[in-house]
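Q: Return atomic coordinates for the entry below.
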Amino acid sequence: CRRGRKTVRTEGLTDEWGGFTIELPSEIHAWPMLEASCKVRFLQMPQINSSCYPGYHIDPTSMRELSNSNGSRVYDMGIVWIRNLAGCSL
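A: The predicted structure follows:
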């Protein structure tokens, strides 16, 4: 997430369906319009010579807020397509 010159990073791992949960540092949790300041970036994907690889180059993706209740915010980043060739288990 970037606000002015300040950049804050956090990392998470996806589950078997591609969903993930991250804990935001307290310094950015209260930022209004967080989705305008943050992007989701994939740090590691299967190699191109793997039986499973991204269907296209994946640029950092904007988030869209789905809900905000009880101190928890839920965001969506849309769909990322992965090519599924024979032998690839997703």
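
Q: Now do the helices in the chain.
A: Shown for the chain, the helices assigned by DSSP state H span residues 26-29, 34-37.

Q: Go through the last one and flag the buried ones.
A: Spelled out, that is helix 34-37. Residues 34-35, 37 are the ones in helix 34-37 that count as buried (16 or more other C-beta atoms under 10 Å). No exception for glycine: its C-beta is placed from N, CA and C like everyone else's.

Q: next one: the first one
A: Using 16+ other C-beta under 10 Å as the burial criterion, the residues of helix 26-29 that qualify are I28.

Q: which residues touch that helix?
A: Contact with helix 26-29 is made by 1, 3, 8, 34, 37-38, as judged by C-beta atoms under 8 Å, 6 or more residues apart in numbering.

Q: Now with 7 Å, please.
A: With contacts defined as C-beta atoms under 7 Å, 6 or more residues apart in numbering, helix 26-29 is touched by 1, 8, 34.

Q: Around the closest residue to the first one other than its chain neighbours, count how many other residues there are.
A: Put plainly, it is C1. Distances taken as C-beta to C-beta, 6 or more residues apart in numbering put C38 closest to C1, at 4.0 Å, once the chain neighbours are dropped. C38 has 21 neighbouring residues, counting by other C-beta atoms under 10 Å.

Q: gap between C38 and L66?
A: 14 Å (C-beta to C-beta, to the nearest Å).

Q: Just the strands from the chain, written as ranges.
A: In the chain, the strands defined using DSSP state E lie at 2-3, 6-7, 39-40, 52-54, 61-62, 64-69, 72-76, 82-84.

Q: Let me have those in a markdown table, extended by mean neighbour count, mean pLDDT and distance to G18.
A: Supplementary listing: the strands of the chain in a markdown table, determined by neighbours: other C-beta atoms under 10 Å; pLDDT from 0 to 100; distance: least, C-beta to C-beta, whole Å:
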| stretch | mean neighbour count | mean pLDDT | distance to G18 |
| --- | --- | --- | --- |
| strand 2-3 | 13 | 78 | 24 |
| strand 6-7 | 10 | 80 | 25 |
| strand 39-40 | 15 | 78 | 11 |
| strand 52-54 | 15 | 56 | 12 |
| strand 61-62 | 14 | 74 | 12 |
| strand 64-69 | 10 | 82 | 15 |
| strand 72-76 | 12 | 77 | 11 |
| strand 82-84 | 15 | 54 | 9 |
